[in-house]
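*Asks:* For reference, the sequence and a predicted model appear below.
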Amino acid sequence: MEVRYFKKSCIVAMLFLLISPIFSQQKEFTGNPDTGFEQAREMAFNNQRKEAQELLKLIIAKYPNYLDLRSFLANTYSWDGNYKMAREGFDFVLKKDAKRKLDWIAAIKSEFYAELPFRAKELIKKALFHFPADTDILYQKARSEEKLNKPEEALRTLNEIIRLDKDNQNALSYKKSLFNSLRFNAIGVNYSTIFYNKNERSQSHYSTLNYTRQTKYGSITGKINYSRRFDTDSYQYEVDLYPRIANGLYAYVSAGLSNSNLFPKVRYGAELYKSLPRSFEASLGFRGLQFSTTTIIYTGSVGWYTGNSYWAFRTYITPGDDGTSTSGTLTYRKYYSDADNYFSLSIGAGFSPEVERFPVNTNQAVVFDLQSQKVTGGYSFTSNNKKNAWSISLGIFREEKSLSKGEYYLFYNLGISYDLRFK
């Protein structure tokens, strides 16, 4: 066995010595491209990756449409962790011939190795356009859904594979493993505090205790919100639903009650979210806040996934007797290993009622038409087993005083949250 391995190594070394002068001294490959390809493969599998890549690039310069060779070169880049070069290589090949299924799968896996599940998701959509209902690509789709923290969707995809191929052992094994790791329940608590520059107001405190249950129809969350402002304790009870309606279409439905003047007596809202081509998502909805009178707020958003980044813009429009108040917030997220691990940054202008902090005027009426600017940042992360999830945030706000228009408060918000997930 050792003799055979020694002979094979000698042959590879001799081949390399014979062809290295050719591609080191010549600007153009003059040999047989198929033979050169075989030589490059031998090198790549015998710890001569760099030399193999140099030979492959030399052959490609002479035969630019030799797609099998380009595909192999892209794979070697992926093996080396050079995911950018691998991406460029696979992109060239698949633009030339979109019916190369193995290259779609290799390109998708390369993005998984690079820990870029959103890029993988984009490739899977394109691959399924050319290979609809293909079980191998659907298997990669299930992997991406799990990495994007959508295990229920991953289960549905695996069930679809098994429906198409009831003896698909990969899907059956993956389904069993995924089901054993699923956590359909979560209990969470979060706390945030606001403190004012120059202590112009007393410190405010906010916290929420919540329970979430994942179902086949979507998630449901019950919340108890608590705040302490102006030396007053206030409570609000709330339920949020995220029902799935159809593929690429889901909704947000919410209702809340409170007996405090610092929370709306009744809060309700609804919003539709729709996936769009080219990794865009849009939503449109409203919020209703009932204090002494009821205020209807219209809201909408546009989001865009690009690679492992996410950009979103949300606006709130509040009609009123004194005119219409508007606000807008631009948010950026940089995802890491999955959808639970990311850094976020937001900038906004105008009062945004998604923050449970409603200024009041001298008549104890809620005021929305305030000038306001904000910058916030945050970091979310999980334990390795995904059982524990944490989030921290810090924000700086400049907001017009509700009792003295034209003058401003400067204040800071610090928040932390924790979720425990279980079966």
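*Replies:* Arrived safely. None of these values were measured; they are calculated from a predicted model.

*Asks:* how about the helices of the stretch 151-300 of the chain, start to end?
*Replies:* 151-164, 169-181 (DSSP state H, counting those that start in this stretch).

*Asks:* The longest one packs against which elements?
*Replies:* Counting contacts by 3 or more CB pairs under 8 Å, 6 or more residues apart in numbering; DSSP states H and E, helix 151-164 is packed against helix 135-147, helix 169-181. For glycine as for every other residue, the C-beta is placed from the backbone atoms N, C-alpha and C.

*Asks:* ok, back up a step: among the helices of the stretch 151-300 of the chain, which gets the worst mean confidence?
*Replies:* If the helices of the stretch 151-300 of the chain are sorted by mean pLDDT, helix 169-181 sits at the bottom with a mean of 88.

*Asks:* partner strands of the strand or helix carrying residue 397, parallel or antiparallel?
*Replies:* Secondary structure from DSSP states H and E places residue 397 in strand 388-401. Using DSSP bridges, the strands paired with strand 388-401 in its sheet are strand 372-382 (antiparallel), strand 404-422 (antiparallel).

*Asks:* quick one, which of the helices of the stretch 151-300 of the chain is packed in tightest?
*Replies:* Burial of those is given as mean neighbour count (mean count of other CB atoms under 10 Å); helix 151-164 ranks first at a mean of 18.

*Asks:* Just the angle for it relative to helix 169-181, thanks.
*Replies:* Taking axes from the mean of the first three to the mean of the last three CA atoms, to 10 degrees, one finds helix 151-164 and helix 169-181 inclined to each other by 150 degrees.

*Asks:* Return helix 151-164 as PDB; C-alpha atoms alone will do.
*Replies:* Coordinates of each C-alpha in helix 151-164 appear next as PDB, following Å, rounded to 0.1, in the frame of the first residue of the first chain:
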ATOM      1  CA  PRO A 151     -37.300  25.300  11.400                       C
ATOM      2  CA  GLU A 152     -41.000  24.900  10.800                       C
ATOM      3  CA  GLU A 153     -40.500  25.900   7.200                       C
ATOM      4  CA  ALA A 154     -37.500  23.500   7.000                       C
ATOM      5  CA  LEU A 155     -39.800  20.700   8.200                       C
ATOM      6  CA  ARG A 156     -42.400  21.500   5.600                       C
ATOM      7  CA  THR A 157     -39.700  21.500   2.900                       C
ATOM      8  CA  LEU A 158     -38.500  18.100   4.100                       C
ATOM      9  CA  ASN A 159     -42.000  16.800   4.100                       C
ATOM     10  CA  GLU A 160     -42.300  17.900   0.500                       C
ATOM     11  CA  ILE A 161     -39.100  16.000  -0.400                       C
ATOM     12  CA  ILE A 162     -40.500  12.900   1.300                       C
ATOM     13  CA  ARG A 163     -43.800  13.300  -0.600                       C
ATOM     14  CA  LEU A 164     -41.900  13.400  -3.900                       C
END
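
*Asks:* quick one: contacts of it?
*Replies:* Outside of helix 151-164, the residues within contact range by CB atoms under 8 Å, 6 or more residues apart in numbering are 133, 135, 138-139, 141-143, 145-146, 168, 171-172, 174-175, 178-179, 181-182, 214, 216.

*Asks:* Work out which residue lies at the spatial centre of this protein.
*Replies:* Nearest to the geometric centre of the chain sits residue 339, at 4.4 Å (CA atoms, centre = their mean).
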